[in-house]
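Colleague: the following comprises the amino acid sequence and a computationally predicted model.
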Amino acid sequence: MALSWITMWTRCLLFFGVLVVQDQVSGSSSSSMQSSSSAESCDTYFLVTVPAVLQAGTKTQFCAILYEPGEFVVMTVHLKSEDSSQTLLKKGTSNSFMKCFSFHVPLVEKCEIQLFEVKVEGPTVYSKEVKKVLIKTVKPQTFIQTDAAIYNPGQTVRFRAVTLNRDLKPVDEKFDFVLVKDPHNAIIGQWVNQQTRRNILEQCFQLSSGASEGYYRIVLKAGKERFYQSFKVQKFSLPKFDIKVTIPKEISIGQEHFEVEVCAKSRCGKPVTGSAVVTVCRPVQNRIHCSSVVTYEDHKHLQRTSLCTTKTKQLCRSGCATLKFEVSAFTGTDPEAFFDVLDVSATVRDKFTSKYL
C-alpha cells in the first residue's frame with residue numbers, strides 16, 4: 001500500500017514525499033517525516049512535510065497526510081528549541097486527511113536549529129518522528145547610491161542610502177556614523193548619529209580641486225553592521241566627436257580584399273577634417289591555456305604574434321575614409337594558430353589640433 005504526494009511551496013521549492021515504510025526521505029530542500037505501525041490487519045501511514053529552512057518572524061506552512069488510520073488517533077506537531085516548545089497542530093481523527101496548516105516562525109536573534117516533532121498516538125498506534133529545521137534571520141539591508149559613478153576633482157558628490165526590511169519595504173534607520181575615505185584610506189568626510197528622513201538618508205560633499213585620482217569608499221555603520229559603496233575620481237571630459245566604424249559581418253578567405261569605412265563627425269554633425277588610422281588584427285590562439293605541460297612545440301607557438309595591418313588615409317569632405325585590406329595578410333601559414341575573427345580599431349587625428357580622437 002503506497003501513496004505519493006507532491007506539494008509546491010513559495011520561493012519555487014518543490015518537495016516530494018512517498019509513503020513507504022522507512023525512517024527518512026532523502027532530499028536537501030525539505031524535511032519530511034513518515035512512519036507506519038501494524039494494527040492487526042491494517043497499517044497506518046502518515047507524512048508531514050516542512051521547509052528545511054524557515055525565515056524567522058514570518059508565516060509559513062507545513063502539510064500533513066494521514067492515510068486510513070483504522071482507529072481514532074491524535075496527530076500532534078511541535079516546534080521545539082532548547083528552552084521553549086510551540087504546538088503547531090493537535091488533531092484527533094479516525095479518517096484519512098490531507099491538509100496544510102499555517103504557523104508563525106518564532107523570532108530569533110541569530111540563526112539556530114530547532115526540532116520539528118511529529119507524534120501520532122492511538123489505542124494500538126504510537127509513532128514519533130523528529131527532524132531538524134534551520135530558522136534563519138533576515139536582517140535589514142542598506143543600499144547606498146551615488147548620483148554618478150565617476151567624478152572630476154572639485155565636483156560635488158551626492159549620495160543617498162535606503163534600508164529595506166525582509167519584505168523589501170523601506171524603513172527608518174539610524175546610523176552611528178557615515179564616512180568617506182579616499183584611495184589612501186584617509187577619512188575626508190564624516191557625519192555621526194545620522195537619522196533617515198522619510199526612510200532615506202541624503203548627504204553631499206565637495207571634492208577638492210587636487211583630489212587624488214582613484215576609488216573612494218562610502219562607509220555606513222548601523223549597530224554591528226557596516227555597508228559600503230565606492231565611486232571613482234579621475235580627470236575626464238566628454239568626447240566632442242563621434243567615430244563610426246563600418247566593417248563586413250563576414251569575410252571569406254576566397255576574397256582578395258575587404259573594406260573598412262571610418263566616419264568622424266562633431267557633436268553638432270559637422271564632418272571632421274583630418275586622417276584616420278585603422279588597425280586590423282587576427283588574434284593568435286593560446287593552445288596551452290588548459291595544459292600543465294609545455295612542450296617545445298608550444299614554445300614555438302608562443303613566439304607567434306597576432307597578424308596585424310595598419311593603414312592611414314585622409315578623411316574626405318564628408319568626414320569619412322574607406323580603407324582596403326588584403327585578405328591574404330591575415331591567412332598565415334598555420335590557419336589553426338589564429339582565431340577566425342578580426343579585431344578592428346580606428347583612431348582619427350584632427351587636422352587643426354593634431355589631437356587623436
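Modeller: Received the coordinates, thanks.

Colleague: tell me the secondary structure for Glu336?
Modeller: Local secondary structure at Glu336 is given as helix here, using DSSP: H, G, I helix; E, B strand; the rest coil.

Colleague: tell me where the protein has helices.
Modeller: Here the chain has its helices, by DSSP state H, at 296-302.

Colleague: would you map out the domains in it?
Modeller: What the record gives for the chain is the domain set 3-136, 141-233, 241-350, from automatic domain parsing.

Colleague: mean pLDDT added to these, as TSV?
Modeller: Shown next, in TSV, are those (pLDDT from 0 to 100):
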stretch	mean pLDDT
domain 3-136	74
domain 141-233	92
domain 241-350	79
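
Colleague: now the ones you listed as TSV including mean neighbour count?
Modeller: C-beta here means a position set from N, CA and C on the backbone, and glycine is covered the same way. Below are these laid out as TSV (neighbours: other C-beta atoms under 10 Å):
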stretch	mean neighbour count
domain 3-136	15
domain 141-233	15
domain 241-350	14
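
Colleague: name the nearest residue to Glu261, sequence neighbours excluded.
Modeller: Take Glu261 and drop its neighbours on the chain: the residue closest to it by C-beta to C-beta, 6 or more residues apart in numbering is Thr246, 4.2 Å away.

Colleague: repeat for Thr322
Modeller: Looking at Thr322 with C-beta to C-beta, 6+ apart, the closest residue is Glu261, at 4.9 Å.

Colleague: thought the one you found was touching Ile243?
Modeller: No. Glu261 is beyond contact range of Ile243, at 11.1 Å (criterion: C-beta atoms under 8 Å).

Colleague: coming back round to it: hang on, the residue nearest to Glu261 packs against Phe258?
Modeller: No. Between Thr246 and Phe258 no contact is recorded; they are 11.3 Å apart, counting by C-beta under 8 Å.

Colleague: list the contacts for the nearest residue to Val138 once chain neighbours are set aside?
Modeller: In this structure, Val138 finds its nearest non-sequential neighbour in Arg166, 4.1 Å apart by C-beta to C-beta, 6+ apart. Residues near Arg166 by C-beta atoms under 8 Å, 6 or more residues apart in numbering: 55, 57-58, 138, 140.

Colleague: between these, which sits nearest Val284?
Modeller: Compare each of the contacts of Arg166 with Val284 using C-beta to C-beta and the shortest gap goes to Val138, at 50.4 Å.

Colleague: neighbours around that closest one, how many?
Modeller: 13 (other C-beta atoms under 10 Å).

Colleague: ramachandran coordinates for it?
Modeller: Per-residue torsions, Val138: phi -120, psi 110 (degrees, to the nearest 10).

Colleague: all strands of the stretch 151-300 of the chain, in order?
Modeller: Per DSSP state E, counting those that start in this stretch, the stretch 151-300 of the chain carries strands over the ranges 156-164, 170-171, 174-181, 187-195, 200-206, 214-222, 225-233, 241-246, 257-266, 274-282.

Colleague: give me the subset of the contacts of Arg166 lying in strands.
Modeller: Counting by DSSP state E, these place Gln55 in strands.

Colleague: put together CSV for the contacts of Arg166, with distance to Lys80 on each row.
Modeller: Listed next are these as CSV, based on distance: C-beta to C-beta, whole Å:
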residue, distance to Lys80
Gln55, 18
Gly57, 18
Thr58, 19
Val138, 22
Pro140, 28
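
Colleague: now, which of the contacts of Arg166 sits nearest Cys268?
Modeller: Using C-beta to C-beta, Pro140 comes nearest to Cys268 of the contacts of Arg166, at 49.6 Å.

Colleague: what's near enough to touch the closest one?
Modeller: Pro140 is in contact with 163-166, 171, 173, counting by C-beta under 8 Å, 6+ apart.

Colleague: any figure for the gap between it and Glu326?
Modeller: Distance, Pro140 to Glu326, using C-beta to C-beta, to the nearest Å: 64 Å.

Colleague: before we move on, what about Leu168?
Modeller: Per C-beta to C-beta, Leu168 is found 59 Å from Glu326.
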